[in-house]
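>>> quick one, fold the following:
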Amino acid sequence: MNERVREILSWYASDNPGTLTHLARLLNHGRLGGTGRFVILPVDQGFEHGPARSFASNPSGYDPRYHFELAIAAGCNAYAAPLGFLEAGAAEFAGELPLILKLNNSDSLAGGGDPCPALTGNVDDALRLGCVAIGFTIYPGSALRNEMYQQLRDLTLEAKRKGLAVVVWSYPRGSVLSKEGETAIDVVAYAAQIAAQLGAHVIKVKPPTAPAHRHLLGRRGEGHRRAPRRGARNQGRGRLRLDHRPELLPAAPRRRARLPPPGDGHLRGEGEVTSPVNVESLSRDFLHVAEEAAIEAARTMGEGQRRHSDHVAVEAMRRAMDGLAMRGTVVIGEGERDQAPMLYIGERVGRSQPDDVEVDIAVDPLEGTNLCATGSPGAIAVLAAANRGGLLHAPDCYMDKIVVGPAARDAIDLDASVEDNLKAIARCLKRAVTDLVVIVLDRPRHEKLIEDIRRAGARIRLITDGDLSAGITAAVRRTNVHAVMGIGGAPEGVLTAAALRCLNGGMRARLVPTKTGQEDRMRAMGITDPQRVYTERDLAPGPDILFVASGVTDGSLLQGVRFFGHGIRTSSVIMSMRARQIRFIDTVRLVDSPDAVVEF
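Presented below is the predicted three-dimensional model:
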């Protein structure tokens, strides 16, 4: 053992001999052994990004043993991987190189602006596999960071007590951090400091590529995500200065309510809504898109895998859009660009030829993922389109809303009491409050709302999912539903507003940011007043709006997909503002056979 290694080990005088022995093995192994520097081969891409995306370009990577051999041949200090990869080769390569078991991992199927990986291994697993250390990833800046800190601290205590070293990947990331902010020099230093304070022996951070973070962390409304700088590199080593503010996240602002000024319906911050284009000309194409998503989702009905159901619907919808004669922009989709592999906010879809129709598109490839996963009624595939600027570019947050039919459209007030709103609706419908039926999502946050509705005398229909379908039901006569109240998703709110414009229904809504930094993202999307109250015309101001939905499972609005021996039957609706039409369409697709039998 040389003096450099002895010096490094002296920094950890409080650790027991077992931990120091494992640290020494890390420091002395590989081509950099004895230099005090590390090259660790981490292979968690198969878990994080999926095997095809990670290994298709190098098929040898599908074999877990390949990564052991690669680390040995390259002379790495250690090889780090999740449980499954290490179990596949730990016995065969025992003693040939130090191993590090990654104890937490996340997938890329669902995305999310505030990551929090799942625990996928434990300290005993690391001991069983002969590892020298445990590995753990934290995301300072995430709204869920405190949960990760507590997990890491508990695992660190156990690992050190049992003689293992601790390696931490500390990556600043969260909904309020811009891409540049994630690698700002003092943010990176802050992340390293947090890992050190939690007991890490070895800390991995991203090289700083940006100056101090004051203008990047989402303070004073500037914390929206920006595209990362391409080709940026650290131009030299310098002193790291820590910003000792106690939090990376800003405090939540005070709330206030305000009605929008008359006629102020454009919300994207890109100029006025463009003149009408013939969105209606795409109605048959959009019908096909919705049907494709519904069919693929219906094949997974009842399997209990809601994320898989959503994934196949997204893939089918995106695939069906590729050849359409349009220049489409997704304004409501599956999330931000770095959170969703396709149909992300801002994605360009369609053929994109100069003479193609330019449209904004809002999608929910599977509204009611839980409904599909459990085989429950009411799951649908949804798409809305409008001329550019015709749909609110809404963030993925909550929205407080009231939805009613045409008669009560101008009588509702989001700031009035539940009782006053129900009385106003009843007056417009010329009936008693006790005759009203209100749909409410069955959520703990609605306990007071439910109590207020019952106290006022109205009846309630609780639903587990699908408030978009509920909003459509409230706008149509003879459904025995007179209003929808409560907090649901903002993207679903915009889609509901698009349908209401075609149905002459009414809506009052207010965005409800529940996570730190969401208001900054609203400003980035052109929403300058996060507290204002919107009408259906504000949320979908376009003069040419098309709404398309196809049933996945049977519901009050549409029947679900039906598979029979020689084909598939779908049930859909197309609503068009331009044509002033609502069309219900049954489609039967037959297999390519002269003996196919049609079933109605």
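
>>> show me where the stretch 451-600 of the chain has its helices.
Remark: helices assigned in the stretch 451-600 of the chain by DSSP state H, counting those that start in this stretch are 467-474, 490-503, 518-524, 536-539.

>>> least reliable of those helices going by mean pLDDT?
Looking at those, the lowest mean pLDDT belongs to helix 518-524 (a mean of 78).

>>> does residue 191 touch residue 140 like I think?
Yes. Residue 191 lies in contact with residue 140 (CB atoms under 8 Å); the separation is 4.6 Å. C-beta here means a position set from N, CA and C on the backbone, and glycine is covered the same way.

>>> picking that back up, can you lay out the helices of the stretch 451-600 of the chain as a markdown table showing distance to residue 332 and mean neighbour count?
Below are the helices of the stretch 451-600 of the chain laid out as a markdown table (distance: least, CB to CB, whole Å; neighbours: other CB atoms under 10 Å):
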| stretch | distance to residue 332 | mean neighbour count |
| --- | --- | --- |
| helix 467-474 | 11 | 27 |
| helix 490-503 | 5 | 27 |
| helix 518-524 | 14 | 23 |
| helix 536-539 | 10 | 22 |
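
>>> nearest to residue 484, of the ones you listed?
Of all the helices of the stretch 451-600 of the chain, helix 467-474 sits nearest to residue 484, with 4.9 Å by CB to CB.

>>> the closest one versus helix 490-503: what angle between them?
Counting by axes from the mean of the first three to the mean of the last three CA atoms, to 10 degrees, helix 467-474 lies at 20 degrees to helix 490-503.

>>> residues near the nearest residue to residue 174 once chain neighbours are set aside, how many?
Nearest non-adjacent residue to residue 174, counting by CB to CB, 6 or more residues apart in numbering: residue 141, 3.6 Å away. When neighbours are defined as other CB atoms under 10 Å, residue 141 has 27 of them.

>>> what's the answer for residue 426, then?
For residue 426, the neighbour count with other CB under 10 Å is 22.

>>> quick one: it and residue 420 touch, right?
No. When contacts are counted by CB under 8 Å, residue 426 is not listed as touching residue 420 (10.8 Å).

>>> still on that earlier bit, common neighbours of residue 191 and residue 140, please.
Listed as contacting both residue 191 and residue 140 by CB atoms under 8 Å, 6 or more residues apart in numbering are 170, 171, 172.

>>> show me the contacts for the closest residue to residue 61 other than its chain neighbours.
Nearest residue to residue 61 in three dimensions, chain neighbours excluded: residue 55, at 3.4 Å (CB to CB, 6+ apart). Residue 55 makes contact with 45, 46, 61, 62, according to CB under 8 Å, 6+ apart.

>>> PyMOL command to pick out the buried ones of the residues you listed?
The PyMOL selection below is limited to those of the contacts of residue 55 classed as buried (16 or more other CB atoms under 10 Å):
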select buried, resi 46+61
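
>>> nearest to residue 537, of the contacts of residue 55?
Nearest to residue 537 among these is residue 45, at 46.6 Å by CB to CB.

>>> now do the contacts for the closest one.
For residue 45, counting by CB under 8 Å, 6+ apart, the contacting residues are 53, 54, 55.

>>> what do you get if the cut-off is 10 Å, keeping everything else the same?
By CB atoms under 10 Å, 6 or more residues apart in numbering, the residues touching residue 45 are 51, 53, 54, 55, 61, 81, 108.

>>> please convert the buried members of these into ChimeraX selection syntax.
Command for ChimeraX that selects the buried part of the contacts of residue 45, burial taken from 16+ other CB under 10 Å:
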select :54,55,61,81,108
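
>>> so can I have a markdown table of the contacts of residue 45 showing distance to residue 506 and pLDDT?
Formatted as a markdown table, the contacts of residue 45 follow (distance: CB to CB, whole Å; pLDDT from 0 to 100):
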| residue | distance to residue 506 | pLDDT |
| --- | --- | --- |
| 51 | 49 | 79 |
| 53 | 45 | 74 |
| 54 | 49 | 75 |
| 55 | 53 | 76 |
| 61 | 56 | 84 |
| 81 | 56 | 94 |
| 108 | 39 | 74 |
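
>>> what about the contacts of residue 45, which are in strands?
In strands, defined here by DSSP state E, the members of the contacts of residue 45 are residue 81.

>>> could you tell me which ranges of this structure sit under the pLDDT cut-off?
The chain contains residues with pLDDT under 70 at 110-112, 210, 212-278, 336-340, 600.

>>> about what we covered before: so which of the contacts of residue 55 sit within helices?
Cross-referencing the contacts of residue 55 against helices under DSSP state H gives 45, 46.

>>> can you add distance to residue 494 and give the contacts of residue 55 back as CSV?
Listed next are the contacts of residue 55 as CSV, based on distance: CB to CB, whole Å:
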residue, distance to residue 494
45, 35
46, 36
61, 41
62, 42
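
>>> nearest to residue 526, of the contacts of residue 55?
Residue 526 lies nearest to residue 45 out of those, by CB to CB, at 35.5 Å.

>>> quick check: the gap between the closest one and residue 314.
Separation of residue 45 from residue 314 (CB to CB, to the nearest Å): 21 Å.

>>> returning to that earlier point: now the contacts of residue 45 in JSON lines, with distance to residue 487?
Converted to JSON lines, those look like this (distance: CB to CB, whole Å):
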{"residue": "51", "distance to residue 487": "38"}
{"residue": "53", "distance to residue 487": "35"}
{"residue": "54", "distance to residue 487": "38"}
{"residue": "55", "distance to residue 487": "42"}
{"residue": "61", "distance to residue 487": "45"}
{"residue": "81", "distance to residue 487": "42"}
{"residue": "108", "distance to residue 487": "28"}
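
>>> ok, the contacts of residue 45 vs residue 71, which is closest?
Nearest to residue 71 among the contacts of residue 45: residue 81, at 9.5 Å, using CB to CB.

>>> residue contacts, that closest one?
By CB under 10 Å, 6+ apart, the contact set of residue 81 is 41-47, 64, 67-68, 71, 87-90, 99-102, 105, 135.

>>> list buried residues within these.
Buried by 16+ other CB under 10 Å: 41-44, 46-47, 64, 67-68, 71, 87, 89-90, 99-102, 105, 135, out of those.

>>> which of those residues fall in strands?
Here DSSP E is the test, and those give 41, 42, 99, 100, 101, 102, 105, 135 as lying in strands.

>>> relative to residue 13, which of the shared contacts of residue 191 and residue 140 is nearest.
Closest to residue 13 out of the shared contacts of residue 191 and residue 140 is residue 170 (22.9 Å), distances taken as CB to CB.

>>> how much space separates the closest one from residue 40?
Taken as CB to CB, the span from residue 170 to residue 40 is 14 Å.

>>> more neighbours: which of these two?
Taking other CB under 10 Å, residue 170 and residue 40 do not tie; residue 170 has more neighbours (25 against 20).
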